[in-house]
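**Student:** model this:
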Amino acid sequence: MLAAERRRKRFRSARNIGFLLVPVVIIFVILQLTSGGGNDSTVAAQPITCVNRTPATAIKTQSYTEAPPLSIDVKGTYSTVLHTSCGDIRVKLDPKQAPQTVNSFLFLAKSEYYNSTTFHRIVTNFVDQGGDQKGDGTGGPGYKLPDEPPARGYRVGDVAMANSGPGTSGSQFFLVVSKNGTTILNGQGAPYKYSILGHMDAHGLRVAKKINTFGTTAEAGTPTRKIYLFDVGIIFGNQSTSTTTTPATTTTAPATTTTAK
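**Tutor:** Okay, the predicted model is just below:
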């Protein structure tokens, strides 16, 4: 009987130790799966590098007497890819909120209006601005668009249109790269000043932030290095059905006469 009692005690002890070890083993397995087997999620993102290449073609100077007729499906899905000196910036466009703005941008992109332009205004910790064929913040397509600002204000990663007052946006756009930028843009509250175009993906935002390192703190944002927008790819739905084949221009955002303050 004493021997049997000792065996029962040993069994209870072993069972209790087993119960304690089970959660430890489970935690160990989870850690192995997430850190050992999931190396892709822990590898640091590759650094963004900028090339010194200049566009192969010159800017095709274009001007129009009126805005293009609305030809997009406002319920459709559209994205664009800005091929820049520092990498690709993919932007999911917002035709529901800004149909005229998106329609105009796609029209100009397909016309290669943006090919070979530069980011002419880069204000550090604020925005990267492009889309001006003149490269000084005064250029435009020759027509003006109605204001289509976001209802909820601006977020980091947004792309919006620069202007020189109500109802004056054209081709110039800007990339919002920081929380400081959203604070400035949202500072006056609704109604907001700048028409929304779309939102960058995570990689595109990293590229935009890299471009921003070549800016200055002054409002003029004179770049310390020339950053090109070589061309613009257009994606309808999930299929890339139209892409510019020559270096493309960028649309400028806040700058000199056309600015976002």
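
**Student:** from here on, contacts and neighbour counts on C-alpha atoms
**Tutor:** Will do.

**Student:** Show the low-confidence segments of this structure, by residue range.
**Tutor:** 1-7, 9, 11-44, 238-261 (pLDDT under 70).

**Student:** Go again with 90.
**Tutor:** Residue ranges of the chain with pLDDT under 90: 1-46, 188-191, 236-261.

**Student:** Kindly list the longest strand within it.
**Tutor:** Using DSSP state E to define each element, the chain has its longest strand at strand 228-236.

**Student:** Just the CA coordinates for that one, please, in PDB.
**Tutor:** Presented in PDB, the C-alpha positions along strand 228-236 are these (Å, rounded to 0.1, in the frame of the first residue of the first chain):
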ATOM      1  CA  TYR A 228      12.600  63.100 -62.200                       C
ATOM      2  CA  LEU A 229       9.200  61.600 -62.900                       C
ATOM      3  CA  PHE A 230      10.200  59.400 -65.900                       C
ATOM      4  CA  ASP A 231       6.700  58.200 -66.800                       C
ATOM      5  CA  VAL A 232       3.300  57.200 -65.400                       C
ATOM      6  CA  GLY A 233       1.700  53.700 -65.600                       C
ATOM      7  CA  ILE A 234      -2.000  53.300 -65.500                       C
ATOM      8  CA  ILE A 235      -3.800  50.300 -64.000                       C
ATOM      9  CA  PHE A 236      -7.500  49.600 -64.600                       C
END
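
**Student:** I'd like the distance from it to the chain centre, please.
**Tutor:** With C-alpha atoms, centre = their mean, to the nearest Å as the basis, strand 228-236 stands 13 Å off its chain's centre.

**Student:** Show me how this structure divides into domains.
**Tutor:** Listed domain ranges for the chain are 2-42, 78-243 (source: automatic domain parsing).

**Student:** Tell me which of those domains sits nearest to L70.
**Tutor:** Closest to L70 of the domains of the chain, according to C-alpha to C-alpha: domain 78-243, at 6.2 Å.

**Student:** can I assume R206 sits in a strand?
**Tutor:** No - under DSSP: H, G, I helix; E, B strand; the rest coil, R206 falls outside any strand and is assigned helix.

**Student:** sorry, back to before: packing partners for the longest strand of the chain?
**Tutor:** Packing contacts for strand 228-236, counted by 3 or more C-alpha pairs under 8 Å, 6 or more residues apart in numbering; DSSP states H and E, involve strand 78-84, helix 99-110, strand 117-118, strand 239-243.

**Student:** Please tabulate these in JSON lines, including the columns mean neighbour count.
**Tutor:** Listed next are the helices and strands packed on strand 228-236 as JSON lines, based on neighbours: other C-alpha atoms under 10 Å:
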{"stretch": "strand 78-84", "mean neighbour count": "23"}
{"stretch": "helix 99-110", "mean neighbour count": "23"}
{"stretch": "strand 117-118", "mean neighbour count": "29"}
{"stretch": "strand 239-243", "mean neighbour count": "13"}
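
**Student:** any idea how far the residue nearest to N186 when sequence neighbours are not counted is from Y194?
**Tutor:** Nearest-residue entry for N186: G153, 5.9 Å, with adjacent residues in sequence omitted and distances by C-alpha to C-alpha, 6 or more residues apart in numbering. Applying C-alpha to C-alpha, to the nearest Å, the value for G153 to Y194 is 10 Å.

**Student:** Since that was my last question, I'll sign off now.
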